[in-house]
Structures are given as structure tokens and as C-alpha cells.
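[1] dropping the sequence and predicted coords here.
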Amino acid sequence: MAILDRSASPEDINSVVEAWLDQHWDSEKRCAKGEDSYDEKAWLTKVFEAGFCVPSWPTEYYGLGLSQKQSGIIEKAFAKRKAQGSARDRFHLGAITVFKVGSEELKRAMLPVMLTGPICCLLYSEPNAGSDLAGVRTKAIPDGDDFIITGQKIWTSNAQEAEYGMLLTRTDWDVPKHRGITFFLFPMKQDGVEVKPINQITGESEFNEVFITEARVPASHIIGNLNEGWTSFQTAIAYERLIMGQGITERRGKSKADSEPQLITLARKYEKYDDPTVRQKIAQALAYRELNGLNMQRAKQEIMTNGSSSLMSLGKLAMSRVQHGEAAIATDLLGNAALLDGDDYPDAANINFDAAKAYMNSIGGGTDQIQKNIIAERVLNLPKEPDLDRDVAFRDVKSS
Amino acid sequence: MSQISDEDRQALRDGFSRYLEAEADQEKLRAGIASDRGYDNSIWQQMAEMGLLGIAISEDFDGVGGGATDVALVMEEVGRKLVPVPFASTCVVAAEMIARFVPDPIKQDLLQKIAAGQLTVSIGGTGDFVSLSDDGHSLSAELSGDSWVMNGQVSFVSHAGVADYHLLGLKEDGVDSAYLVTASDAVSAERLSTNDPAQRLFTLNFSDAEAIKLEDMDAEGINQVRMRGVAAVAAEQAGATRAIFDITMEYLRTRYQFGRPIGSFQAIKHMAADLLVEVESGTSAALAAAKALDSGSSSAEKFVSLAAFTCKDAFRTVSAQAIQMHGGIAYTEEHIAHLYWRRARAGLSLFGSSDEHREHYLKSREAA
């Protein structure tokens, strides 16, 4: 069996992973070989121990030290068999952030726990801190080796399942808003944490409100430094926007390159594919999607050569145009049929869902308008708009 | 496939870019436009010196043996500075047509002269390789003894006033033919008044002009030439789009109103961010088209169409918004913005409209 390191060929990596999965994963039953049902923790632990959770991380931090390209082969092999646990170095925002900016102690204590458990939830937004996220008011008050947390968070995915949340809190009220924030890895399974699902316009309830009342978090769970949480948080939010730019909020399989695009299928089915106006719209919509893919390919190339790429920040914005645009065209293709909904009308149900879901990309993770400010200021070096709360102690900042 | 290494390519680009930065300023551009030739011949000669005119020509004929990616690099730089040289027509389309369909020794002679900067070719008539088709032409080619003679009139022939040869396409009943005619007393050129002063368009009249007929023109070969022409123009537009965008961003950082740079207003920032998506998409599309051509990929057709309408539309949008974002200063003739805007408009119908390319893109996705 070949050894998995940077020098391993794609074929070698594939055969090692395939062999490992053959040995451990039952694709029929979708659980570990020899078991009758899926035990998430046990399975993730196996994947973690084999290094497949975070293959691009160094071996001293639970990875295999592989390149992104090599890691992709592992991810594909897992996806092919619908086995969980791979590519957590791409999608586990909590683990990625702790790995990037956490203390050595926190990494050693928590990465193994995080990587073998459910994805962390993100305790960022509050009812009064949305686009202006640095205006968080959730209190963290030191108490011995702990901090005591009280406040309300909103738009939290996976809050029921999550064992940990990435929590933004206010620790100093007497300095301007960005300088009094502390970022915690917060244990969710404790008294004083109440989770209430939000009913969304898509009909789903993936988001929750989280009410926190005098719950505790150890001081050792600060990610980065006390009152410097805004800096640590930038790492986490940058990864989140990156992931969204790859269309991750879409229904699975929508952007598959090898199948006929959904818009073409719908246009044929509703007998509008010969209409030149419809064809122009579909062509442009497919082009926007393809162009975003090409931009992201260039970004990856630039990252490999220069370590960073300003192109990355465009993905999420471009994806909004793709998703809202495709949903609008699909709605028009259906005509009256788009008025219907529900299980008996799957085409209508799907496109009505997509039309609503597109907001997940254009609002979630920062609205398009905030993203445009970021692109203008950080990529194009346009000057910042003066902030009225810039040099004001947070306790004196006006709020609604 | 390109014979040029990545390092050589980068060096070539850097050298050319530095040269243009120093020599192709707005003053030179305007002087070139005002001259009979329509462009600054010293730039053309320098391009020959640097090996750029032979970039798509085989080493067997004193060229460099580069591919579509190399052409794209030259075109992007040419586009950035709006240098109105006949590179795409002479060094890409004509050079490709001659290399494929003209027998030796004429082929060798023409290609060597193109690479050396001693010869330019204008292109007109009808056919997929003709960037500006003239369906109303009255050209006819007849065999007279052993040689062909050309008669009639054709319009929309770019840079024909100073061209040494005219390459004329005559597509009839779906069948392509093409002829090379030497500039001589048998050919008269009349300049047309154009919206973009840098675009030199002519009507040519032929009276018993001697012509060389191109041979064995196969549809696949012509399509290859067409795609290379389209990709070259797209790269030029991508370069020009980025340049006018950069000029505009610089203005937004330095122009003050209401006591602050206008680029600090969100109304302006949001326009800028949206335009950056168009700028980068143009670059990515032009690059993808060139790469697909160089690798002989079956998706070349698709990527070339994608690049065609993406780069046309991006250039049109960005150059138009550039004027808007500058405000009054860009409404003046002396500001450079309108020259980019005019060039974008001049490119809208090159090798077909955006709508035609979008349709073609959809068709080639179905075929894939």
C-alpha cells in the first residue's frame, strides 16, 4: 500500500482511499462495516484516525499534509459512497478557525473533539446586529476560570445538533465596537441554552434563535485573544463566504457539469426551448454560472502561486446573480404552473423553493450590499465610508 | 500547441507591457489616430522586433510558434492601451489563413514578411473568418487564362488603406472561397467615416485586380481560424475593459466631493464591485478560450463563444459606466474614457453579435 504524502500520485491516493473505504464502509447500509446502523461519532472517529477528516492539514495536526488537489481525490471517493467525514478542512468552519487562529492548548484540547462531532453552529448575528455584526450585545462576564454568557443569537443553523458554537460576545463596553469583542468556542449542551427553530420562507427550519441565559464557557475556549475577537472572526467569516461562493447553499446536484442543466430540461418540458428570447436568457444564465466557475478556478491558481487571490471575494456576489437569475427564468418557463406548489407539483415546488432559497446566498453570510462594500474597500482600495460609531465607546452607540 | 515556455511568455508580456507603458501614452494614441496610417508605425515595428508579429507563425517561417494563449497575451496588452494596430487581422486571421491554405513558396514569403513587420493584410467580404462581413458586396472572381482576377466593390474592410494585401472571402451557397489581392492601381480604397476614430474602415473597388486563390479550404480549418480570430478579439477587449476600469478606480480614489473621495460613497462602491465581476469574468473567459484552443479541447467551440459575448458585453458595460462614474469630465472629448467606450461599440459586431454568440454557446453546450 502506497504512503499518503505530497509525492503520492492521484492514482495511489485513490486506491488507498478506496481500499480503506472498502474495508470500513458499508455503502449498502450506509454505516460502518459490521454495524446495523449509522453511529456518527464512531464513524467520524475512524475517519479522523485515518487522517481523512482534514487531509490538507499537517500530520502533527491530525491531517496528512496533502495538497488541495490530492485532498479532493479523498473527498470524491467519500462522496461517491455517500460516506461522511471527509473534507472537514474545507467545510468545518469551527475546526478551520480554531486550527488557523486558536491557541496551541485549544487546538490540542478541542480539534479532536470537534472533528469527530457534528459541525459547529455559528452564534454571530443578533436581532440588533445583522449587517453591522460588530454591534453584538451578548454579554461575556469573567467569573473565575470561566465567562458567564447572556444574550440572544439568531440565524443559527444546526443549533439543535451542534455540540459547540462559535460565539461572538461583548467583553468591553467602554471602547469602540470592534475592540471589545471576544470570540469563544462555546459548549451548547448545557443549562441556560435554549434553541427555537425559525420558520423560513423556503418552508424549511434550518435556522434557529438561540437564547443564552447565564451559561458558562471556559476562558481557555477563547479563540484568539480577549477583546480581539473581531480579528479571529475575520478568518471564520472569510471561509464561510468562500464556501458560499461555490454554490454550497444550493440543492445538491444542481450545478453538476455532466448532466443537462435544469433550465434546459425545464424549457424542453414546457415547450419553450425553441423560443429565441428564452434561449438567450438561458444561455446567459448558464454563462454566468460557468464564468463564476472559471473565476474560481483562476482564484485557486492564484492562491497556489501567490498564497491569496482577490477573486475569491467575488464568488458569493456572482452566485447571487446566478441563483436569483436562474430562479426567475425557471419561474417564467413554468408560467401558470408556477402558481402551484406542494408534492403533487414537483417542478413548481422545486423552482418556488429555489426562488426563495436564493436569498440564502444574497443575504446569508453578509448581504450582497455588505459584500460589495468589502470588495470595493479591500480589493479596489476605495476609501471607507465614515462610520458614525467609529471612535465612540460601544455603550454610547445609538441603536434601534 | 505553443512552443513558448511559461517563463518566456511572462518575460515577453512584461517586456511588451513596459514598452507600451513608456511609448503608447494618450498623446501617441491620438497622434496615431490622426495620422494617415491610423496607428503609430514605430509601435508596429517594435512589435516585429520583439517577435510579437510572428507569435502565431511557425518557427519554419521566422515566427515564434506560439499558440492562442500567446496571442491572447499580446492582445490584452494591445487592448489595455487601445493601440489600434492591425494585429488580429494580419498576424492572427491572415497568418492562419495563409499558413493553412496558401501553397509554398508564396506562403513562406508572406509569413516571413508578416513576422518581420514588412506586410499587413486587410480582410473583407463574407465568410466565417471575416470579422466584419459585408453581405452587400459585389465582388466576383473569374479565371482569366491561368490567373484569377477580382472585380467589384466591398465595404467594412479594416485598415485597407495601407494594407499590402487584401484577403477577400466569397461565401456562396455555404461554400467558402478566398482570394489574396495585392494592393495596386487596380484597387482603390475609399475611407469611411467611423464612430470610433481609431477604427479605419474602407470601401475597396477592384477592377481586374490580379488575385491568388486560396486552396483546399476545409470547413474545419476555416472554423479554427474563425475561433482564433474571435479569441484574439475577446482578449483585446478583456485587456481594454480592465484598463478603463483601473483608470476609473483611480479617479474614484482621488476625486473629492462633499469633503471626501467619491469612491467612499456606497452608491459608487456598489457599481464598482459589480463591474469588477464583469472585468474578471472577461479575463477568465478570454483565458479559457485560448487555453481550450491550445489544448485542442472539444469544448473550444463553447469557450470561444462564451469569451466572445462575455468580453464584448463586459467592455460595453464597463466602458459605459466608466463615463458615468467619472461624471462631467468624461463627457469631454479630451478625456480618454470615450475612446474606450467607442472601441467597445466598434467591437460589438466583430465576428457576430453577442446574441449570436450566446445562441452558439447554448448550441455547443447541447452538443457537448
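    Yep, that arrived.

[2] from here on, just use CA atoms for contacts and neighbour counts.
    Fine.

[3] strands along chain A, start to end?
    A:25-26, A:31-32, A:121-123, A:139-143, A:146-157, A:164-170, A:181-187, A:193-197, A:207-218 (DSSP state E).

[4] the third one pairs with which strands, parallel or anti?
    Just to be clear, that refers to strand A:121-123. If you go by DSSP bridges, strand A:121-123 pairs up with strand A:164-170 (parallel).

[5] now do the partner strand: distance to the chain's middle.
    From the chain centre to the centre of strand A:164-170 is a distance of 16 Å (CA atoms, centre = their mean, to the nearest Å).

[6] not counting its neighbours along the chain, what's nearest the residue of the stretch 201-350 of chain A found nearest chain B?
    Nearest residue of the stretch 201-350 of chain A to chain B (CA to the nearest CA) works out as residue A:283 at 5.3 Å. Nearest residue to residue A:283 in three dimensions, chain neighbours excluded: residue B:362, at 5.3 Å (CA to CA, 6 or more residues apart in numbering or on different chains).

[7] next, count neighbours for that neighbour.
    21 (other CA atoms under 10 Å in any protein chain shown).

[8] residues in chain A within reach of chain B, list them.
    A:279-280, A:282-284, A:287, A:291-292, A:294-295, A:298, A:311, A:314, A:318, A:369, A:372-373, A:375-376, A:380-385 (CA under 8 Å from any CA of the partner chain).

[9] in helices only, show me those residues.
    A:279-280, A:282-284, A:287, A:291-292, A:294-295, A:298, A:314, A:318, A:369, A:372-373 (DSSP state H).

[10] farthest pair within those?
    Maximum pairwise distance in these, criterion CA to CA, is 33.7 Å, between A:279 and A:373.

[11] so what's the residue of the stretch 201-350 of chain A closest to chain B up against?
    Contacts for residue A:283 were tallied using CA atoms under 8 Å, 6 or more residues apart in numbering or on different chains; they are B:358, B:359, B:361, B:362.

[12] and the closest residue to chain A within the stretch 201-350 of chain B, how many residues sit next to it?
    Closest residue of the stretch 201-350 of chain B to chain A, CA to the nearest CA: residue B:264 (4.8 Å). Residues contacting residue B:264 under the criterion other CA under 10 Å number 21.

[13] ok, back up a step: and the residue nearest to residue A:283, what element?
    Assigned by DSSP states H and E, residue B:362 belongs to helix B:354-367.

[14] and that helix, average pLDDT?
    Per-residue pLDDT values over helix B:354-367 give a mean of 94.

[15] stretch A:318-338 now?
    96.

[16] re the thing from before, so which of residue A:279 and residue A:373 has more stuff around it?
    Neighbours were counted for residue A:279 and for residue A:373 using other CA under 10 Å; residue A:373 has more, 26 against 21.

[17] what's the pLDDT at the more buried one?
    pLDDT, residue A:373: 95.

[18] and what of residue A:86?
    For residue A:86, the predicted pLDDT is 89.

[19] now do residue A:258
    60.

[20] what of residue B:310?
    pLDDT, read off for residue B:310, is 98.

[21] report how many residues lie close to the nearest residue to it once chain neighbours are set aside.
    Leaving aside its sequence neighbours, residue B:310 sits nearest to residue B:282 (CA to CA, 6+ apart; 5.8 Å). When neighbours are defined as other CA under 10 Å, residue B:282 has 31 of them.
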